[in-house]
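Q: here are the coordinates; sequence isn't available:
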DNA sequence: CTCTCCCT
């Protein structure tokens, strides 16, 4: 075995693992850690003959690493060294070292939480911080703490963040190994470029072609930029071979980009797929646009959103490192040095940006109610947790905070909970064969070009036609069929190659995506509203445009409106079993009317609505009372007399606090609304109905007979004055003395201020002129006659000469008339 | 104008 840098660190690593439950090995790419370390540890005494498991983030890597190690032992795969990825494994009873993709371990743990027979779990490429590796680590650490103190964990990481990681893991020891990478000379731009990216990258590539040697690898964010850059370069450098490279490219085209061309110099225009997943031979120069596309889960809508973001420092280093695999290389970074200093060190761990539905289902199966029962390096964010819980609830996977029987069934299917639910439901719908095809298509890359539009049914057709015999390699259909075959096997169903029913496809999609049922908006052919609440759009040319109802499987949350990439039409009647019957009962404030409808709803989307047959009186009254509470007592038909009644009762309440007069202020009435108003609301269903209430008797009912009698006696509505007039009193709710507004002439002969409240409360006299103008306000009539009247008389006598102004008011005849017509 | 990558 050739000596790799890692070999010098092996004694320290052995010693650390002997003592420590968790060890971190930091080694850059090329140090040989993935293939050397597991084999070297296989015979450690502390393993006590138990197996080693190593986790890889990608299937390709799991197979390749296992194969390299088997070759080093001179064995076939599946002897001492084996691997497992979904639906594929090479292991035997002799296997002592198993390389797994990360998710496989999580599934193992469900069945065997003690990890029996395993002595060491190695996390390779841990710095990538995939959702699965964070979850696997959290679970395995709990196993270690509760059941398996002897279990050892080794985290292998390529980046320099080992210190922070160590701190998060109880000061786990960190070993650092050197890499075996050739130096890469870095070039920055004097300032950040402006204008469209393809032009900038094309210029960078021209410079790389003239200044450096070897093939060129350029990193761009996505397919659009790659195509535009290719167009510019093809004109400028006809002598160079240009190859695009991205995940959606057919396999043959990908391979063409990987191999060197013997005749021509090659430029590969790649997405971030070439950072780690694919290695290109013969690259001498890297040109890095500095941008990448990243998917972020939007917890608000439950939809992913694709964003163009600046690369992080570790990604930029990884990109540049691609030029230093065979010899010293060069990398052109198309940004400035100040910008470089501002780059984020690493991408945020996936757990912060991903859909957490699968994670939450796993946790529920693990019996975890509260995510922080586990030790996380980065705890999952609350918004995404809530969204995942809501979705699992909708899919019927949860029950009383734990896993439901359906949730348990879902876990038996190695796929996203949405798709597991679709597969399970296909049985009762009698659509198993179609479900197998649909599930495969939902998981894999789209076999058709984007121009084909969003119709999922076209994909089912393509898969079925391919299967029926007109086979070619195009579009990864073979891969799709392998997957579909697995689902058919598990569903116990046969191939069906007939033309599919697009509405059946839509019905299946609705099982997986009940939150993505889309109803066409009125007056539009492309704009839809999702049951989950968001607005989404199809492209104008899409053959599905104009369909009234769709279920969207793949979409992008977008900014204001989302975009649909994959969908199928659906009959709304077929959605009824998924929908919820909701009683829409309440008050439409705008229309001023009671609403009582029974609605069949799928989230925000209304399937059906009909008047509610039985609205209980209690509910109706409760709603109406709430309306009064929110709109106020002014909704009721108050008259001046009733407001006075209210003020009279309140006056007595304040004058005679011991007597138990009721609290009939507006606030008090609102407080006790149910009791006094509730029984009268029977027939009301519109705002006008309140105005037809007979409020007088309703309010009077608040007083006992005795109180009603005493009210009239103690706080009469009117008083008779010497002239014989019955004059209205005006009470105030605060209980200040009631006002008696009366023409002065009507009081002649009266010595003292009239009183109410059994003689205890003198009224407030507003003495008026014959023209009803106030002359004086007083509670002391005697003093008025004595002190003020002579002056008033002098002043007004001339002006109102038809009225009597006797010198002696004490003995004058009271009158409401003028002189002449006086008796 | 506008779909990165990966996985049970």
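A: Ah, there it is. The structure presented is a predicted model; accordingly, all values stated were derived computationally and were not measured.

Q: going forward, measure contacts between C-alpha atoms and count neighbours the same way
A: Noted.

Q: From what I see, residue A:483 and residue A:440 are in contact.
A: Yes: Residue A:483 lies in contact with residue A:440 (Cα atoms under 8 Å); the separation is 5.6 Å.

Q: Which one's more surrounded, these two?
A: Taking neighbours as other Cα atoms under 10 Å, residue A:483 and residue A:440 compare with residue A:440 leading, 23 against 20.

Q: Which pLDDT value goes with residue A:1?
A: We have a pLDDT of 45 for residue A:1.

Q: One more: the one 3 residues further on?
A: What the model reports as pLDDT for residue A:4 is 69.

Q: pLDDT weak spots in chain A?
A: For chain A, the stretches flagged by pLDDT under 70 are A:1-4, A:160, A:470-475, A:818-823.

Q: any idea how it splits into domains?
A: Following automatic domain parsing, one gets these domains for chain A: A:5-176, A:184-347, A:357-508, A:580-615, A:621-713, A:716-796.

Q: Now distance to residue A:802 too, for these, in TSV please.
A: Output for the domains of chain A, formatted as TSV (distance: least, Cα to Cα, whole Å):
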stretch	distance to residue A:802
domain A:5-176	101
domain A:184-347	82
domain A:357-508	85
domain A:580-615	56
domain A:621-713	34
domain A:716-796	10
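
Q: Same list (those domains) but as JSON lines, adding distance to DNA strand B.
A: As requested, those are exported to JSON lines (distance: least, Cα to the nearest atom of the strand, whole Å):
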{"stretch": "domain A:5-176", "distance to DNA strand B": "3"}
{"stretch": "domain A:184-347", "distance to DNA strand B": "3"}
{"stretch": "domain A:357-508", "distance to DNA strand B": "3"}
{"stretch": "domain A:580-615", "distance to DNA strand B": "23"}
{"stretch": "domain A:621-713", "distance to DNA strand B": "43"}
{"stretch": "domain A:716-796", "distance to DNA strand B": "63"}
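
Q: right, and these - which one's nearest residue A:540?
A: Closest approach to residue A:540 among these (Cα to Cα): domain A:357-508, 9.8 Å.

Q: Run the chain-centre distance for the closest one.
A: Taking Cα atoms, centre = their mean, to the nearest Å, the mean C-alpha location of domain A:357-508 is offset from the chain mean by 21 Å.

Q: And it, end to end?
A: 19 Å (Cα to Cα, to the nearest Å).

Q: Repeat that for stretch A:306-324.
A: 31 Å.

Q: residues touching the residue nearest to residue A:273 when sequence neighbours are not counted, list them.
A: Leaving aside its sequence neighbours, residue A:273 sits nearest to residue A:246 (Cα to Cα, 6 or more residues apart in numbering; 6.2 Å). Going by Cα atoms under 8 Å, 6 or more residues apart in numbering, residue A:246 touches A:222, A:223, A:254, A:270, A:271, A:272, A:273.

Q: For the third one, which three-state class applies?
A: By that I understand residue A:254. Following DSSP: H, G, I helix; E, B strand; the rest coil, we place residue A:254 in the helix state.

Q: same thing with residue A:729?
A: Looking at residue A:729 with three-state DSSP, the answer is strand.

Q: cool, and residue A:787?
A: helix.

Q: where's residue A:441, which helix or strand?
A: helix A:432-443 (DSSP states H and E).

Q: Can you name the element that comes right after that helix?
A: Proceeding N to C from helix A:432-443, the next assigned helix or strand is helix A:456-468, under DSSP H and E.

Q: residues in contact with that following helix?
A: Counting by Cα under 8 Å, 6+ apart, A:437-438, A:441, A:446-448, A:471-472, A:477, A:480-481, A:496-502, A:505, A:566-568 sit against helix A:456-468.

Q: Write the ChimeraX selection for whichever of those residues are buried.
A: Here is the ChimeraX selection string for the buried members of the contacts of helix A:456-468, based on 16 or more other Cα atoms under 10 Å:
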select /A:437,438,441,446,447,448,477,480,481,497,502,505,566,567,568
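
Q: So which of the contacts of helix A:456-468 belong to strands?
A: A:566, A:567, A:568 (DSSP state E).

Q: Adding distance to residue A:145, write these out as a markdown table.
A: A markdown table is the format used below for those (distance: Cα to Cα, whole Å):
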| residue | distance to residue A:145 |
| --- | --- |
| A:566 | 45 |
| A:567 | 46 |
| A:568 | 48 |
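
Q: Looking at those residues, spot the one nearest DNA strand B.
A: Comparing those against DNA strand B with Cα to the nearest atom of the strand places residue A:566 closest, at 5.7 Å.

Q: Pull the number of nearby residues for residue A:358.
A: 18.

Q: contacts for the strand or helix carrying it?
A: Using DSSP H and E, residue A:358 sits in helix A:357-365. For helix A:357-365, the external contacting residues (Cα under 8 Å, 6+ apart) are A:106, A:110, A:135, A:369, A:371, A:385, A:387-389, A:391-392, A:397, A:401-403, A:407-408, A:411, A:416-417.

Q: Next SSE downstream of it?
A: Taking DSSP H and E, what comes next after helix A:357-365 is helix A:382-394.

Q: which strands and helices sit next to that following helix?
A: helix A:357-365 (3 or more Cα pairs under 8 Å, 6 or more residues apart in numbering; DSSP states H and E).

Q: and the helix it packs on, which residues are buried?
A: Per 16+ other Cα under 10 Å, helix A:357-365 contains these buried residues: A:357, A:358, A:359, A:360, A:361, A:362, A:363, A:364, A:365.

Q: Give the buried subset of the contacts of helix A:357-365 as a PyMOL selection command.
A: Those of the contacts of helix A:357-365 that count as buried under 16+ other Cα under 10 Å are selected in PyMOL with:
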select buried, chain A and resi 106+110+135+371+385+387+388+389+391+392+397+402+403+407+408+411+416+417
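
Q: want to throw the ones in strands among the contacts of helix A:456-468 into JSON lines with distance to DNA strand B?
A: Putting those into JSON lines (distance: Cα to the nearest atom of the strand, whole Å) gives the following:
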{"residue": "A:566", "distance to DNA strand B": "6"}
{"residue": "A:567", "distance to DNA strand B": "9"}
{"residue": "A:568", "distance to DNA strand B": "13"}
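
Q: Distance across stretch A:703-722, terminal residue to terminal residue?
A: 32 Å.

Q: residues in contact with the residue in the stretch 451-600 of chain A that DNA strand B sits nearest to?
A: Relative to DNA strand B, the nearest point of the stretch 451-600 of chain A is residue A:565 (3.8 Å; Cα to the nearest atom of the strand). Counting by Cα under 8 Å, 6+ apart, residue A:565 touches A:453, A:454, A:538, A:552, A:553, A:554, A:555, A:556.

Q: still on that earlier bit, between the domains of chain A, which gets nearest to residue A:813?
A: Of all those, domain A:716-796 sits nearest to residue A:813, with 6.0 Å by Cα to Cα.

Q: distance of the nearest residue to residue A:130 once chain neighbours are set aside from residue A:134?
A: Closest residue to residue A:130 apart from its sequence neighbours, by Cα to Cα, 6+ apart: residue A:350 at 5.3 Å. Per Cα to Cα, residue A:350 is found 9 Å from residue A:134.

Q: likewise residue A:721?
A: Plainly put, residue A:721 is 92 Å away from residue A:134 if you go by Cα to Cα.

Q: Just want to know which of the two has more residues nearby.
A: Comparing residue A:721 with residue A:134 by other Cα under 10 Å, the one with more neighbours is residue A:134, at 23 against 18.

Q: if I pick the more buried one, what's in contact with it?
A: A:351, A:376, A:377.

Q: at 7 Å instead, please
A: By Cα atoms under 7 Å, 6 or more residues apart in numbering, the contact list for residue A:134 is empty.

Q: what helix or strand is it on?
A: helix A:131-146.

Q: For that helix, list every residue counted as buried.
A: For helix A:131-146, using 16+ other Cα under 10 Å, the buried residues are A:131-144.

Q: Now do that helix against helix A:357-365, angle only.
A: The directions of helix A:131-146 and helix A:357-365 differ by 20 degrees, with axes from the mean of the first three to the mean of the last three Cα atoms, to 10 degrees as the criterion.
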